[in-house]
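> Generate a structure from the sequence data that follows.
(chains A and B)
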2 protein chains.
Amino acid sequence: MTDKRVERSKAAVLAETYRQLSQSGISGLSIDEVSRISGVSKMTIYRHWPSRSALVIDACSRLGIVSEPPNTGSLREDVRVLATDLADQLRTGSWTSIYPSIIDAAERDPDIAAMQSELHKCFMKPFHTVVERAKDRREAPLNMSADELIATIIGPLFFRRWFSKEVVDDRFVNLLIATAFHI
Amino acid sequence: MTDKRVERSKAAVLAETYRQLSQSGISGLSIDEVSRISGVSKMTIYRHWPSRSALVIDACSRLGIVSEPPNTGSLREDVRVLATDLADQLRTGSWTSIYPSIIDAAERDPDIAAMQSELHKCFMKPFHTVVERAKDRREAPLNMSADELIATIIGPLFFRRWFSKEVVDDRFVNLLIATAFHI
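Numbers count the residues shown, from 1 in each chain, chains lettered A, B, ... in the order given. Below is the predicted model:
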């Protein structure tokens, strides 16, 4: 196959994998179905992705569109921008219905656990960037570490999306910012 | 069957269902296997639980050992006791490896979603009780609702257990309490 045809086949396989993951989670993914619907033979699929895990990992790592970190000059405002953006994604992003199946599979499958850990780092990177920049410009330090700040802000947002199923709106984001920054 | 034999059969089925759920999540549950290992016929299983969902719901609702709400006379201390207890469960409880599979299945299965919502209410009840008691004794009100307090405290604990996989220790619980209560 030419490079272009290879790329087209890979894209078709990844798109169908992503669609199945959105619809039924990792456990509902069938390589037979991916092959049938994408029109790419199982042999070709297995040539590019040696295992079901490898395919899932590749499809999943294209999940998150991580935004550029803001740079407002204030850590509190930077965090507010990032949290508002995340809240918006939690309300509308199709990846939010897939992510629990990754979290679930990570409890048992070490490959998926490693992938989830990479994805998580990738999601959290903009938060670390804005904390580092605040340190660089010698902003008054918070009374918690970057990891603690992240858990304090993102934990409640995730909690509302997946556990309590409550609304994740700007009002709630502002409450979290006020609480973390002791306003 | 006598009542006692019925109870023994039901207990054997629930124990095996729970074991399979712990080992492989909801998607790994096989009624054939439950029947084979528990020694209870599929016909009997389906007489007690008309569907796979009904069995999962029954097994899952025995997951959480919800503790009696404390009554220290201070909302902050009551919440600290509850959060410390939850942190301990998140470190050691076997239900913590099953719960993500319920969260995942709830994204797609309305029966499981209804069950998860009931479970969630049950888990959160002691927190609501201590907030109500604080109101009754006219303790100075917090600047957030009971639901907001719960998300602020439990969200970061769940985040560390299932998403960032960081340690959930008493130091972290104390930080969350200090932040929520503006100490």
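
> going forward, measure contacts and count neighbours with C-alpha atoms only.
Will do.

> From B:Arg108, how far off is A:Leu29?
Distance of A:Leu29 to B:Arg108, computed by Cα to Cα, to the nearest Å: 14 Å.

> Please name every helix or strand in contact with the helix or strand hosting A:Thr84.
If you go by DSSP states H and E, A:Thr84 is part of helix A:75-92. The elements that helix A:75-92 packs onto, with contact taken as 3 or more Cα pairs under 8 Å, 6 or more residues apart in numbering or on different chains; DSSP states H and E, are helix A:110-136, helix A:146-158, helix A:170-180.

> Measure how buried A:His48 is and give me the count.
12 (other Cα atoms under 10 Å in any protein chain shown).

> nearest spatial neighbour of it, skipping sequence neighbours?
Nearest non-adjacent residue to A:His48, counting by Cα to Cα, 6 or more residues apart in numbering or on different chains: A:Lys10, 7.9 Å away.

> Wondering if the worst-scoring helix or strand of chain A on mean pLDDT reaches chain B at all.
When each helix and strand of chain A is scored by mean pLDDT, DSSP states H and E, helix A:52-60 comes last, with a mean of 81. No. Counting by Cα under 8 Å from any Cα of the partner chain, chain B has no neighbours in helix A:52-60; the shortest distance is 15.1 Å.

> What parts of chain A come near chain B?
Proximity of chain A to chain B, by Cα under 8 Å from any Cα, involves residues A:23-25, A:27, A:97-98, A:100-101, A:103-104, A:107-108, A:117, A:120, A:151-160, A:162-164, A:176, A:179-180, A:182.

> of those residues, buried ones?
Buried members of the residues of chain A next to chain B, counted by 16 or more other Cα atoms under 10 Å in any protein chain shown: A:23-25, A:27, A:97-98, A:100-101, A:103-104, A:107, A:117, A:151-160, A:162-164, A:176, A:179-180.

> Look at the residue nearest to A:His48 and give its secondary structure.
Secondary structure state of A:Lys10, per DSSP: H, G, I helix; E, B strand; the rest coil, is helix.

> and it, how many neighbours does it have?
With other Cα under 10 Å as criterion, A:Lys10 counts 17.

> any idea how far it is from chain B?
Separation of A:Lys10 from chain B (Cα to the nearest Cα, to the nearest Å) stands at 27 Å.

> same question, A:Glu77
The value you get for A:Glu77 to chain B, if Cα to the nearest Cα is used, is 18 Å.

> what does A:Trp49 give?
23 Å.

> Now that residue: phi and psi?
A:Trp49 adopts backbone torsions of phi -130, psi 100, taken as degrees, to the nearest 10.

> Now do the contacts for the nearest residue to it once chain neighbours are set aside.
For A:Trp49, ignoring the flanking residues on the chain, the nearest one in space by Cα to Cα, 6+ apart is A:Leu55 at 5.5 Å. Contact partners of A:Leu55, counting by Cα atoms under 8 Å, 6 or more residues apart in numbering or on different chains, are A:Leu14, A:Thr17, A:Trp49.

> Quick one: list the elements packing against whichever strand or helix holds the second one.
In other words, A:Thr17. Here A:Thr17, judged by DSSP H and E, is contained in helix A:3-24. Here helix A:3-24 touches helix A:31-38, helix A:42-48, helix A:52-60, going by 3+ Cα pairs under 8 Å, 6+ apart.

> Show me where chain A dips below the pLDDT cut-off.
The model of chain A has pLDDT under 70 over residues A:1-2, A:61-67.

> now do 80
For chain A, the stretches flagged by pLDDT under 80 are A:1-2, A:21-28, A:57, A:60-68, A:94, A:118, A:122, A:141, A:183.

> Check whether A:Ile183 sits in a helix, strand or coil.
Reduced to three states by three-state DSSP, A:Ile183 is coil.

> neighbours of it, just the number please.
Taking other Cα under 10 Å as the criterion, the count of residues near A:Ile183 is 8.

> Surely A:Val56 touches A:Thr17?
Yes. Contact criterion Cα atoms under 8 Å: A:Val56 and A:Thr17 qualify, at 7.4 Å.

> higher neighbour count, the two?
A:Thr17 (26 against 21).

> follow-up on the earlier one: include distance to A:Val168 when you put the helices and strands packed on helix A:3-24 into CSV, please.
Below are the helices and strands packed on helix A:3-24 laid out as CSV (distance: least, Cα to Cα, whole Å):
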stretch, distance to A:Val168
helix A:31-38, 34
helix A:42-48, 39
helix A:52-60, 24
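
> before we move on, the earlier item: what lies in contact with the helix holding A:Thr17?
Contacts for helix A:3-24 (Cα under 8 Å, 6+ apart): A:28-29, A:34-35, A:37-38, A:40, A:45, A:48, A:55-56, A:58-60, A:94-95, A:97-98, B:108.
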